[in-house]
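Trainee: build me a structure from this.
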Amino acid sequence: MLFGVIAVLYLAREILIPLAFALILTFVLSPVVALLQRSRMGRAPAVVVTILLTIAAAGGVAWVIAIQLVDIAKELPTYRQNIQNKMEALRVPTKGPLGLAANSLREIAREFSSPEAPTPDRGLPPQNRKQRTVPGTPGLPLDVQIVQKPADDLDYLRNFVPSVFRPLGLAGLVLIFTVFMLIKKSDLRHRLFRLVGLGQINITTQALDDAAKRVSRFLLMQVLVNGGFGTLLGFGLYWIGVPNPALWGALAALLRIVPYAGTMVAAALPIALSLAAFNNWLPPLLVFLLFACLELMVANVVEPWLYGSNTGISSLALLVAAVFWTVLWGPAGLILSTPLTVCVVVLGRYVPQLSFLHILLGDEEVLGAEAQLYQRLLAMDQPEAHAIVERFLKAQPLMALYDSVLIPALSLAEQDRHKGAIDTTREEFFFLSITEMIIELSDYQPALDSSQVEEGAPESAAAERPSATILCVAANDRADEVTSAMLAQVLEHAGHRALSLPLARASHAELLALIEKRPDDVICISALPPYAFPPARTMCKLIRERFPKIKLVIGVWGFSGDTEKAKARFERALPDKLFTSLAQAVEQIQELARLKES
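Mentor: This next block holds a predicted model:
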């Protein structure tokens, strides 16, 4: 289907190109038509007035630019001496190493370009010089030159008419499409809704509004950026002393509508004029540096920031789209590349079958921090994994890092481990890296507000430190042990006494003996899906049978189901609390600790 659509776009480009230009003009001129309609003007007269104003403005700008270009062309003969001096300066010297190398290259080229002398045929006897050539005997081949007939007025007219009338015909077709789209805007919208189906009115409305807003914002940003570029360029050229600086600034603003190629053309014109108008090389160099600095700043800083955030397209996708539409539709595709790609991205956002377009071309984050961390650790790239954690901690607290990044990454690893999709080496590296991160974050201190420092919040929290100890126990495997260590760490940061028991160092008998010595503590069992409930239920049953009155809570990290139904799965070994995140665990454990003290 994708290749079929591309083939249709290519084969029907003679109709689709003016239709696309007309659609963009409809987006631009619709607010003007709506403004005229508010002044009690009919739809058709408002469209006609808008089109006439647009033609008049475009024609006026083109006429002024053409007049100034003709004036510059008239002044070019006065720059003849400057041009001749610069051509003389650019000639290759005849002396020195560079001159010797140039002379050698000329000699080699002359040897290869000169015709080789004919060799006499050894099979024939030598001919007597006094003997005349037989009239029928062919002599040496003669050079033949084809001289074309000088073009007359008819030939000139035949070549001139297509080159002029083809763009005029394209512009006329665009205007006709634009007029009908503006007049029949409501009817076209209704037909589109009927075409996609009445059940898709909501999605179609959202897609049309989204595309219109993004295209309008892009065109507005393009006008502002190109206008600012032309203004700065005009002031710079005026400071350098280039003739007609306002003209070159206006041309640069207009030509930058054409991505990439327009800037080069806009730069070539004033550079060529500065070469002809000035005696020395400094002004052309300054003009080149002015263009280079402005283009680097705008193309690498301003446009990615403004266009990417307003169009929803990544910077790389803008470049790829420009190449794609240029190959497909030529220069017209280069001009239309960004608006058309905006429509394609919006289509991929609202049509599930085309969601890959939004993923490939959009600028939104498609891979969460947890997936990025897991992927980097699978690739054994520990520095990049630490960089992901550090970037997250700049905007979010430690508990959010554990709940939103580390625990989901552990869950992804557990799913692959149970499916047998992860090898032993990568599994060991993953768990060692996660454990090292947790140890390094044990001394993490979030930035405190000035009010907290003045009121002595840490001292008051330490004074209200509960006397009960929270004993964090892993339900089954190594992932449960890591989450148990996370819970103990965040409880310590919250002012609780917490102790995490590693599975390798404590058996069930040792665990029960420890609980028997500290009956007032709170027991928290950590379990990580996908296989969290069976081992957690076994551990909970073991503790309940021995200590029926002890406070027992269960943490099933990342569980998204109903917690009340999940608690019922523990049957007689019903826990006091069941929570699914560390933030919820800290809050509810604090309540349990206060109840025990009271």
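
Trainee: now stretch 77-94: average pLDDT?
Mentor: Averaged across stretch 77-94, pLDDT comes to 66.

Trainee: do the same with stretch 551-566
Mentor: Mean pLDDT, stretch 551-566: 84.

Trainee: which parts of the stretch 351-500 of the chain are helices?
Mentor: Taking DSSP state H, counting those that start in this stretch as the criterion, the stretch 351-500 of the chain carries its helices at 355-361, 369-378, 382-393, 398-401, 407-419, 424-440, 450-455, 457-463, 478-493.

Trainee: any chance of these in JSON lines, plus mean neighbour count?
Mentor: The C-beta positions use only the backbone N, C-alpha and C, and glycine is treated the same way. Rendered in JSON lines, the data for the helices of the stretch 351-500 of the chain read as follows (neighbours: other Cβ atoms under 10 Å):
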{"stretch": "helix 355-361", "mean neighbour count": "16"}
{"stretch": "helix 369-378", "mean neighbour count": "20"}
{"stretch": "helix 382-393", "mean neighbour count": "15"}
{"stretch": "helix 398-401", "mean neighbour count": "19"}
{"stretch": "helix 407-419", "mean neighbour count": "19"}
{"stretch": "helix 424-440", "mean neighbour count": "15"}
{"stretch": "helix 450-455", "mean neighbour count": "10"}
{"stretch": "helix 457-463", "mean neighbour count": "11"}
{"stretch": "helix 478-493", "mean neighbour count": "24"}
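
Trainee: and those as CSV, adding mean pLDDT and distance to Val32?
Mentor: Shown next, in CSV, are the helices of the stretch 351-500 of the chain (pLDDT from 0 to 100; distance: least, Cβ to Cβ, whole Å):
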stretch, mean pLDDT, distance to Val32
helix 355-361, 80, 30
helix 369-378, 90, 45
helix 382-393, 90, 45
helix 398-401, 90, 48
helix 407-419, 89, 50
helix 424-440, 90, 58
helix 450-455, 42, 52
helix 457-463, 42, 58
helix 478-493, 89, 58
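
Trainee: out of those, which comes closest to Ile335?
Mentor: helix 355-361 (18.4 Å; Cβ to Cβ).

Trainee: got a list of contacts for that closest one?
Mentor: By Cβ atoms under 8 Å, 6 or more residues apart in numbering, the residues outside helix 355-361 that reach it are 313-314, 317, 320-321, 341, 344-345, 347-349, 364, 366.

Trainee: give me the buried entries from those residues.
Mentor: 313-314, 317, 320-321, 341, 344-345, 347-349 (16 or more other Cβ atoms under 10 Å).

Trainee: so where's this protein shaky on pLDDT?
Mentor: 83-84, 86-164, 307-311, 445-468, 503-508, 514-520, 593-598 (pLDDT under 70).

Trainee: centroid-nearest residue for it?
Mentor: Nearest to the geometric centre of the chain sits Ser314, at 1.4 Å (Cα atoms, centre = their mean).

Trainee: once you drop chain neighbours, what's closest to that residue?
Mentor: Asp363 (4.4 Å; Cβ to Cβ, 6 or more residues apart in numbering).

Trainee: count of neighbours near that neighbour?
Mentor: When neighbours are defined as other Cβ atoms under 10 Å, Asp363 has 18 of them.

Trainee: wait, it touches Gly312, no?
Mentor: Yes. Look at Asp363 against Gly312 with Cβ atoms under 8 Å: they come within range, at 5.7 Å.

Trainee: related to what we said a few turns ago, measure the residue nearest to the centre of the chain to Thr341 for me?
Mentor: Remark: distance between Ser314 and Thr341 (Cβ to Cβ, to the nearest Å) = 10 Å.

Trainee: Ala369 now?
Mentor: From Ala369 to Thr341 the distance is 28 Å (Cβ to Cβ).

Trainee: can you check Ala573 too?
Mentor: Distance from Ala573 to Thr341, by Cβ to Cβ: 58 Å.

Trainee: for Leu175, same thing?
Mentor: As judged by Cβ to Cβ, Leu175 and Thr341 stand 25 Å apart.

Trainee: same question, Ser411
Mentor: Noted for Ser411: a distance of 36 Å to Thr341, by Cβ to Cβ.

Trainee: dihedrals phi and psi, Leu69?
Mentor: Dihedral angles of Leu69 (phi, psi; degrees, to the nearest 10) stand at phi -70, psi -40.

Trainee: ok, now which ones touch it?
Mentor: Listed by Cβ under 8 Å, 6+ apart, the contact partners of Leu69 are Leu247.

Trainee: what about 10 Å?
Mentor: Shown in contact with Leu69 (Cβ atoms under 10 Å, 6 or more residues apart in numbering): 244, 247, 251, 269.

Trainee: pull the distance from stretch 477-486 to the chain's centre.
Mentor: On the basis of Cα atoms, centre = their mean, to the nearest Å, stretch 477-486 is displaced by 38 Å from the centre of the chain it belongs to.

Trainee: what do you get for stretch 11-29?
Mentor: Counting by Cα atoms, centre = their mean, stretch 11-29 comes out at 25 Å from the chain centroid.

Trainee: hang on, the earlier thing: select, out of the helices of the stretch 351-500 of the chain, the one closest to Val179.
Mentor: Going by Cβ to Cβ, the one of the helices of the stretch 351-500 of the chain nearest Val179 is helix 355-361, 31.3 Å.

Trainee: and the gap between the nearest residue to Pro530 once chain neighbours are set aside and Ala369?
Mentor: The spatial neighbour of Pro530 that comes closest, neighbours along the chain excluded (Cβ to Cβ, 6+ apart), is Gln415 at 5.9 Å. Separation of Gln415 from Ala369 (Cβ to Cβ): 18 Å.

Trainee: again, but for Asp576
Mentor: From Asp576 over to Ala369 (counting by Cβ to Cβ), the distance is 33 Å.

Trainee: same question, Leu16
Mentor: Going from Leu16 to Ala369 by Cβ to Cβ gives 42 Å.

Trainee: how about Pro284?
Mentor: 50 Å.

Trainee: equivalent analysis for Leu188, please.
Mentor: Look at Leu188 and Ala369: by Cβ to Cβ, they are 43 Å apart.

Trainee: repeat for Leu232
Mentor: Shown here: Leu232 relative to Ala369, a distance of 39 Å by Cβ to Cβ.
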